[in-house]
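*Asks:* Quick one, fold the following:
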Amino acid sequence: MSSIELICGNWGTTTLRAFGVSAEGEIVTDIRTAPGIASLSPSEQEATWFETVQEWGNVPHLICGMAGSNLGWLETGYVEMPVSTQSIADAVRWQPHGTGKVGIVPGLSGTGWAGQAERMRGEETELIGWLERTGQKDAILCLPGTHTKWVTLKDGSVTRFNTALTGELFSLLKEASILKSDREQVHSISAFEAGARLGLSKRSTDTLHGLFAARSELISGGVKPHQTEAFLSGFLIARDVSGALETLKFEQETVYLIGEETLANRFAHVLTLAGVSSRYASSERCVAAGLFALAKAGGHL
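*Replies:* Next up, the predicted model:
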């Protein structure tokens, strides 16, 4: 097994993932654990981190995600777009620990496609990793999740992004609305596609009215009780995709997906229905490559 040259962390609100990275920027070993930062004070976060990775040796540590937020152990703020690997690396906050050092990655800030304020924290590392792994300079990327990000890259820099509340809205609707079902759910492809086609339809410009279709289809028998969530998922992802494609005004250009594979596949399915090709990259590999690139660009490897 390759030796660990960098100890990395991707720390969210509810979970922590730590991993050791080799000199080639590949994951050697990892640990997935709770708690996330929301349940820990800053001092508890620091203690938890070093307890988690204490067996991995005396090499630099670099952490992205909510550890750098105003709830984290070392607030790092945000870097204004456009940003490159080097500009983010220069803004990483490093502090000594014992005979080593720990760095916390900042988030990104800027304006979205409609001029609204935008923020991201954690996803910037995935983007840097994707750039490093692919060598591409210009692209449109989608990072599906609780708060889905649509990102434009130009000349190797993040220039603009939009955030959609897709995943969070899905969770709220299926758990605390009239669309909640007491039946065990099955991911029906036919129900998912029915919802997606409605969401992509030129006649379905009103998301609020479209959402009630899940209720109407259930009552009429078009959607079975165990398929409600599949229909709702297809509709919401399609509205997300449709809005992004309309805003970006592009056709037949590849969208690059970074994220958890099952959810990314659902976005890929909807993009295909919309006539747009997509390619998938693992979130885990992109995070590892991104943290490794930031540490190297900052002169810490």
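*Asks:* What helices and strands are in contact with the biggest helix by length in the chain?
*Replies:* In the chain, taking DSSP state H as the definition, the longest helix is helix 228-248. Where contact means 3 or more C-beta pairs under 8 Å, 6 or more residues apart in numbering; DSSP states H and E, helix 228-248 is packed against strand 148-154, strand 157-164, helix 166-176, helix 189-200, helix 207-220, helix 261-273. Placement of C-beta: from N, CA and C, glycine included.
*Asks:* by how many degrees do the shortest one and helix 261-273 diverge?
*Replies:* Relative orientation of strand 148-154 and helix 261-273, computed by axes from the mean of the first three to the mean of the last three C-alpha atoms, to 10 degrees: 70 degrees.
*Asks:* Then the fifth one?
*Replies:* Comparing the axes of helix 207-220 and helix 261-273 via the same axes, to 10 degrees yields an angle of 100 degrees.
*Asks:* ok so, going back, quick one: closest of the helices and strands packed on helix 228-248 to residue 110.
*Replies:* strand 157-164 (6.6 Å; C-beta to C-beta).
*Asks:* Just the CA atoms of the closest one, as CSV, please.
*Replies:* Taking Å, rounded to 0.1, in the frame of the first residue of the first chain, the C-alpha atoms of strand 157-164 are listed here in CSV:
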residue,chain,number,x,y,z
SER,A,157,-11.3,29.3,-13.3
VAL,A,158,-14.7,29.1,-11.6
THR,A,159,-16.5,32.1,-13.0
ARG,A,160,-20.1,31.8,-11.9
PHE,A,161,-22.5,29.3,-10.3
ASN,A,162,-26.2,29.0,-9.3
THR,A,163,-27.7,27.0,-6.4
ALA,A,164,-31.0,25.1,-6.5
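*Asks:* Mind giving me the packing neighbours of that strand?
*Replies:* Partner elements for strand 157-164 (3+ C-beta pairs under 8 Å, 6+ apart): strand 107-111, strand 117-120, strand 148-154, helix 228-248.
*Asks:* Kindly format the C-alpha coordinates of the shortest one as CSV.
*Replies:* Just to be clear, that refers to strand 117-120. The C-alpha trace of strand 117-120 is given here as CSV (Å, rounded to 0.1, in the frame of the first residue of the first chain):
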residue,chain,number,x,y,z
ALA,A,117,-25.5,36.5,-4.2
GLU,A,118,-24.1,33.0,-4.2
ARG,A,119,-22.0,31.0,-1.7
MET,A,120,-20.5,27.5,-1.7
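*Asks:* distance between that strand and the chain's centre?
*Replies:* 13 Å (C-alpha atoms, centre = their mean, to the nearest Å).
*Asks:* In the following helix or strand past that strand, which residues are buried?
*Replies:* Next along the chain after strand 117-120, taking DSSP states H and E as the criterion, comes helix 123-134. Neighbour counts using 16 or more other C-beta atoms under 10 Å place 123, 124, 125, 126, 127, 128, 129, 130, 131, 132, 133 of helix 123-134 among the buried residues.
*Asks:* Equivalent analysis for stretch 12-22, please.
*Replies:* So, applying 16+ other C-beta under 10 Å, buried residues of stretch 12-22: 12, 16, 17, 18, 19, 20, 21, 22.
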